Every structure is written in C-alpha cells, then in structure tokens.
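Engineer: one predicted model, sequence on top.
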Amino acid sequence: MKVSKKRLHEISKIKDRDIDYSDISELDEDFWEHAKPIHPKGKKAVSIRIDEDVLDYFKSQGRGYQSRINSVLKSYVKAHTS
C-alpha cells in the first residue's frame with residue numbers, strides 16, 4: 001500500500017492519547033507464553049533478464065519495485081502449485 005507524504009505527516013501529528021485502541025485486544029502473559037517467532041525465508045540475489053517495459057512499469061511505481069516483482073512471481077507460483 002502506498003501512503004502519501006502528506007498523509008504520513010498528518011499521521012505523525014496524532015498524539016498517542018488520541019488513538020482509539022478499543023478494538024484491539026490486550027496481549028496477556030498467556031499469549032506470550034505460547035507465542036512462537038516466525039522468521040521469514042531468506043532471499044537470494046540473482047540476475048535475470050526482464051523486458052524493458054516491464055521493468056520500467058515496476059520502477060515507475062516507486063521504491064520497492066524488486067519486492068513487488070517478487071510478490072507477482074510468488075503469486076504466480078502459488079496459483080500454479082495449489
């Protein structure tokens with residue numbers, strides 16, 4: 001999700017006391033007793049050839065274009081292996 005700099009600035013001005021947390025349940029000791037960390041899978045650096053127009057499109061979307069390309073490829077793999 002892309003958030004504008006203006007909106008990020010507005011959000012940064014909100015004081016903690018003005019945030020409504022009522023719909024978020026508290027995490028008690030029982031939660032932490034059974035919590036297990038999940039570590040993301042590592043990524044591998046590779047070199048691939050991509051059509052220039054495809055690369056330009058992803059780059060035009062701003063920072064994180066490589067992660068977006070990875071997400072598209074991951075969706076493709078998931079759709080074809082399920």
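Structural biologist: Thanks, I have the structure now.
Engineer: for residue 66, grab the count of nearby residues.
Structural biologist: 11 (other Cβ atoms under 10 Å). Bear in mind the C-beta positions are built from the backbone N, C-alpha and C, glycine included.
Engineer: next helix or strand past the helix or strand of the chain with the lowest mean pLDDT?
Structural biologist: The weakest-scoring helix or strand in the chain, judged by mean pLDDT, DSSP states H and E, is helix 29-34 (a mean of 88). Using DSSP states H and E, the next helix or strand after helix 29-34 towards the C-terminus is helix 52-60.
Engineer: what packs against the helix or strand following that following helix?
Structural biologist: Per DSSP H and E, the first helix or strand lying C-terminal to helix 52-60 is helix 65-81. In terms of contacts (3 or more Cβ pairs under 8 Å, 6 or more residues apart in numbering; DSSP states H and E), helix 65-81 is packed against helix 52-60.
Engineer: the helix it packs on versus helix 65-81: what angle between them?
Structural biologist: 120 degrees (axes from the mean of the first three to the mean of the last three Cα atoms, to 10 degrees).
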